[in-house]
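Peer 1: what follows is a predicted structure for the sequence shown.
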Amino acid sequence: MWNRACPICFTRISRFLVLTCSYDITCPTCRSPLEFSRQSRLLDSLVGFLVALLVFHLPLPHTGANWVLRLVATVLAFCFGSALLLFFAADIVLRPRPLATSFPHPHS
């Protein structure tokens, strides 16, 4: 965890590149395809969920649309909590190669 470096050439990956291209990260030096590790994604979701749960139980002002405010605040808290964790603690690994695109039986 906390690495944010290419596993091939050990070049540091920018934090903003990690946030903006999370599903399509390529190393700026060696051009190898990268992705987040499974532990990083699970921890990201857990922290986002815990922050959203904390915000959900905060007392909000009593208005007519209190449930809408609570829902919007919870969704925004999940988004910001998970993005903030990836901003500081993203572990990057090589993206696995895709499987064969054709059916594996031999042609007649």
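Peer 2: Everything's here; your move.

Peer 1: okay, and the helix or strand of this protein with the least pLDDT?
Peer 2: Least confident helix or strand, the chain: helix 15-20 with a mean of 82, by mean pLDDT, DSSP states H and E.

Peer 1: give the buried residues for that helix.
Peer 2: Within helix 15-20, the residues that qualify as buried are residue 18, counting by 16 or more other Cβ atoms under 10 Å. All C-beta atoms are positioned from the backbone trio N, CA, C, and that covers glycine.

Peer 1: how far away is the residue nearest to residue 6 when sequence neighbours are not counted from residue 4?
Peer 2: Excluding the flanking residues, the one nearest residue 6 by Cβ to Cβ, 6 or more residues apart in numbering is residue 27, at 4.1 Å. Note on residue 27: its distance to residue 4, by Cβ to Cβ, to the nearest Å, is 11 Å.

Peer 1: number of residues surrounding the residue nearest to residue 6?
Peer 2: 20 (other Cβ atoms under 10 Å).

Peer 1: distance check, it against residue 46.
Peer 2: Between residue 27 and residue 46 the computed distance is 27 Å (Cβ to Cβ).

Peer 1: wasn't residue 49 part of a helix?
Peer 2: Yes - according to DSSP: H, G, I helix; E, B strand; the rest coil, residue 49 belongs to a helix.

Peer 1: verify the stated contact: it with residue 77.
Peer 2: No - under the criterion of Cβ atoms under 8 Å, residue 49 makes no contact with residue 77, lying 9.6 Å away.

Peer 1: which parts of this protein are helices?
Peer 2: All helices of the chain, identified by DSSP state H, fall at 15-20, 38-56, 66-88.

Peer 1: counting contacts, what elements does the first one pack onto?
Peer 2: On a contact count with 3 or more Cβ pairs under 8 Å, 6 or more residues apart in numbering; DSSP states H and E, helix 15-20 meets helix 66-88.

Peer 1: what does the helix it packs on contact?
Peer 2: Residues outside helix 66-88 that contact it (Cβ atoms under 8 Å, 6 or more residues apart in numbering): 2, 15, 18-19, 22, 36, 40, 43-45, 47-52, 54-56, 58, 60, 63.
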